[in-house]
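**Student:** Give me coordinates for this.
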Amino acid sequence: MKFTPVDTANSDKATRIITEAFADDPVINWTCNHPATLLPFFQITLPVFFPHQLSYLDPQGRGAAAWLGPHQKLKWPVKLSSVRKIMKLGGLTGVYRMLLSGAKTEKYHPKTPHYYLFAIGVTPGNKGQGVGSALITHILRQCDEEGMPAYLENSKEENLAFYEGHGFKVQQQIQFAASAPPVWLMWREPRAITP
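**Tutor:** A predicted model of the protein is given here:
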């Protein structure tokens, strides 16, 4: 399957797909203080990944993924407009939880070079059709070719089997706070390429 890279022309579409896919995500909803919509959260976070050219869409608009490559660094834009969006999204509790979640995520993030899967999602009506597997395999194949591991934070227990099926193993289970749902930190060693 050929994927469409995310650029300025389709970034809104990618953001909408991920927002729809994560609508029932327990960890992000807790982090944002259970807002009416997660769209502002992804409007703030996803564009930071797009310039790294490892974000892509299923050409039929059924799913999207956003990765960060080894040695790539994120540049979080600390703008007044972003702070306002976060305040409107989840109030002071949401701001506090986002800062806490970001700090804990950074604390546990591996220092070894790796590909980092920030978000992958398939729209609800297209689940179970192999779209998610095609999306994740696109970069995992590159990981294997380069001999590079991959890492992600899984925020939904029911997704564990999907990630494990693609070679990820749980390294640790954490919580951002006592009231927060669990997060599974998952690591995948590259697989040997067979000719």
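**Student:** where along the protein do the helices fall?
**Tutor:** The residue ranges that make up the helices of the chain, judged by DSSP state H, are 11-21, 26-31, 39-45, 80-108, 131-146, 160-165.
**Student:** So for the fourth one, mean pLDDT?
**Tutor:** Mean pLDDT, helix 80-108: 84.
**Student:** So for it, what gets flagged as buried?
**Tutor:** By neighbour count, and taking 16 or more other C-beta atoms under 10 Å as the criterion, the buried residues in helix 80-108 are 85-86, 89-90, 94-95, 97-98, 101, 104. Where C-beta positions appear, they are placed from N, C-alpha and C, glycine not excepted.
**Student:** In a markdown table, list those residues along with distance to residue 33.
**Tutor:** A markdown table is the format used below for the buried residues of helix 80-108 (distance: C-beta to C-beta, whole Å):
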| residue | distance to residue 33 |
| --- | --- |
| 85 | 13 |
| 86 | 10 |
| 89 | 8 |
| 90 | 3 |
| 94 | 4 |
| 95 | 9 |
| 97 | 6 |
| 98 | 9 |
| 101 | 11 |
| 104 | 16 |
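**Student:** Could you list the low-pLDDT ranges of the chain?
**Tutor:** Scanning the chain for pLDDT under 70 picks out 76-80, 195.
**Student:** Give me the most central residue, this structure.
**Tutor:** Central residue of the chain (C-alpha atoms, centre = their mean): residue 119, 1.8 Å from the mean position.
**Student:** Quickly note the distance from that one to residue 46.
**Tutor:** Per C-beta to C-beta, to the nearest Å, residue 119 is found 7 Å from residue 46.
**Student:** who touches both of these two?
**Tutor:** With contacts defined as C-beta atoms under 8 Å, 6 or more residues apart in numbering, the residues adjacent to both residue 119 and residue 46 are 18, 66.
**Student:** number of nearby residues for the residue nearest to residue 184 when sequence neighbours are not counted?
**Tutor:** Nearest-residue entry for residue 184: residue 154, 4.3 Å, with adjacent residues in sequence omitted and distances by C-beta to C-beta, 6 or more residues apart in numbering. The number of residues packed near residue 154 is 21, by other C-beta atoms under 10 Å.
**Student:** Please consider this matter closed, and thank you.
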